[in-house]
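>>> here you go, sequence then predicted model.
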Amino acid sequence: MTLQPQTQNHLDLLRKALLSGENAELLQLVRTNAEGILRELEGSEQDPLEGRLADVDPAWMAQVYEALSREEEFLGDDRKLIDRLFLAKQNEEREIGLAFEQALLINLPSDVLRWKGIEPPRSEASAAQRSELFESPSVAASPYAKEFLVPFGMTPLTVFGATEAIGGLGERLIRKGRLKAGQPIALSAQNRRHRGYQQLEFTMTCSEVGMTTGLSDPQSAALTKWCIRVAQYKRELFPWFSTEPLGEDAAGMTWAGETTDNLFQRWAKGPAEIAKPQVLTAHARF
């Protein structure tokens, strides 16, 4: 089995495989083309993941690298390169944990920090899952995560994934013309409509969060609701958008067109002053 026509080069194949989640066909392609991939990695300064290390599941990354090894020891620069990739991912996750602890949590009210009023309540993770999550670099940087996230199968990296999923969904719907960039968007935990706002469907948003984070439907719903509440206090929680509070159960999202890469800066920004919009009934139309 060799490179498929749609795969431009070996680095492109490695990137597709790492970002695929668990694609057995791509894993086999990596195994078959291991020598070419390692040769291109050694001779290239290009980041095969294009800065998207946080999008790769660590367990899946380990499988891909095992396929690269072809059950043999890496030699010299090959091993050093793989080690650098692992270290870069760990450092990136650690930075996310630090930004979560030192920027995102600052100035959030106690009820939000303690997940009060979030329904359905999160279910507890198994002992084995908790043990695994405690090893996450993002958790090591966040005492809060150890108490309020890990027991329920989440980490700061999970929260980051959810915020990226929500912002990414809004961006994609605007790009496809299903939402308008010039009109603000309402994301409501109760799926309520707000006058003057387009609506981002809550169920669709939960599904996007679930696909990105791997959480169950109830856990995804709880995390999405928590993100909505946090967005009322952190106006750049979601990439590509600025947010505002629309009552207790909703956040308004305004297209910004760009996002700050530095999470410490982005997540530290508080809410803007806005007027409260009029809430319509579920059957109202714009």
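Nice, I can see it. Residues are numbered from 1 along each chain as shown.
>>> am I right that residue 9 is in contact with residue 37?
No. Between residue 9 and residue 37 there is no contact under Cβ atoms under 8 Å: 9.3 Å. Glycine gets a C-beta too; all of them are placed from N, C-alpha and C.
>>> in a strand, residue 243, correct?
Yes. Assigned with DSSP: H, G, I helix; E, B strand; the rest coil, residue 243 falls within a strand.
>>> doesn't residue 251 make contact with it?
Yes. Contact criterion Cβ under 8 Å: residue 243 and residue 251 qualify, at 4.8 Å.
>>> residue 261: neighbour count?
For residue 261, the neighbour count with other Cβ atoms under 10 Å is 9.
>>> that one and residue 99, how far apart?
In this view, residue 261 and residue 99 are 11 Å apart by Cβ to Cβ, to the nearest Å.
>>> ranges for the helices of this protein?
Taking DSSP state H, the helices of the chain run over residues 10-19, 24-32, 34-42, 58-69, 77-99, 110-113, 127-133, 137-140, 143-148, 156-175, 202-213, 217-231, 263-268.
>>> now do the contacts for residue 214.
Residue 214 makes contacts with residue 57, as judged by Cβ atoms under 8 Å, 6 or more residues apart in numbering.
>>> quick one: it from residue 199, how far?
Applying Cβ to Cβ to residue 214 and residue 199 gives a distance of 26 Å.
>>> repeat that for residue 121.
26 Å.
>>> more neighbours, those two?
Applying other Cβ under 10 Å to residue 121 and residue 199 shows that residue 199 carries more neighbours, namely 16 against 11.
>>> shared neighbours of residue 243 and residue 251, anything?
231, 232.
>>> what sits against the residue lying closest to residue 188 once chain neighbours are set aside?
Once flanking residues are discounted, residue 188 sits nearest to residue 250: 3.8 Å by Cβ to Cβ, 6 or more residues apart in numbering. If a contact means Cβ under 8 Å, 6+ apart, then residue 250 has 186, 187, 188, 189, 190, 192, 194, 228 as its contacts.
>>> select only the buried ones of those residues in PyMOL?
To isolate the buried members of those in PyMOL, using 16 or more other Cβ atoms under 10 Å:
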select buried, resi 186+187+188+189+192+194+228
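>>> how about the contacts of residue 250 in a markdown table, adding distance to residue 238 and pLDDT?
Output for the contacts of residue 250, formatted as a markdown table (distance: Cβ to Cβ, whole Å; pLDDT from 0 to 100):
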| residue | distance to residue 238 | pLDDT |
| --- | --- | --- |
| 186 | 13 | 97 |
| 187 | 9 | 97 |
| 188 | 15 | 95 |
| 189 | 15 | 94 |
| 190 | 19 | 91 |
| 192 | 19 | 89 |
| 194 | 17 | 90 |
| 228 | 10 | 97 |
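>>> out of the helices of the chain, which gets the lowest mean score?
When the helices of the chain are compared by mean pLDDT, helix 77-99 comes last with a mean of 72.
>>> quick check, central residue of this protein?
residue 161 (1.3 Å; Cα atoms, centre = their mean).
>>> count of neighbours near the nearest residue to residue 122 once chain neighbours are set aside?
In space, and not counting its chain neighbours, residue 122 is closest to residue 152: 4.0 Å by Cβ to Cβ, 6+ apart. As a burial measure, residue 152 scores 20 neighbours (other Cβ under 10 Å).
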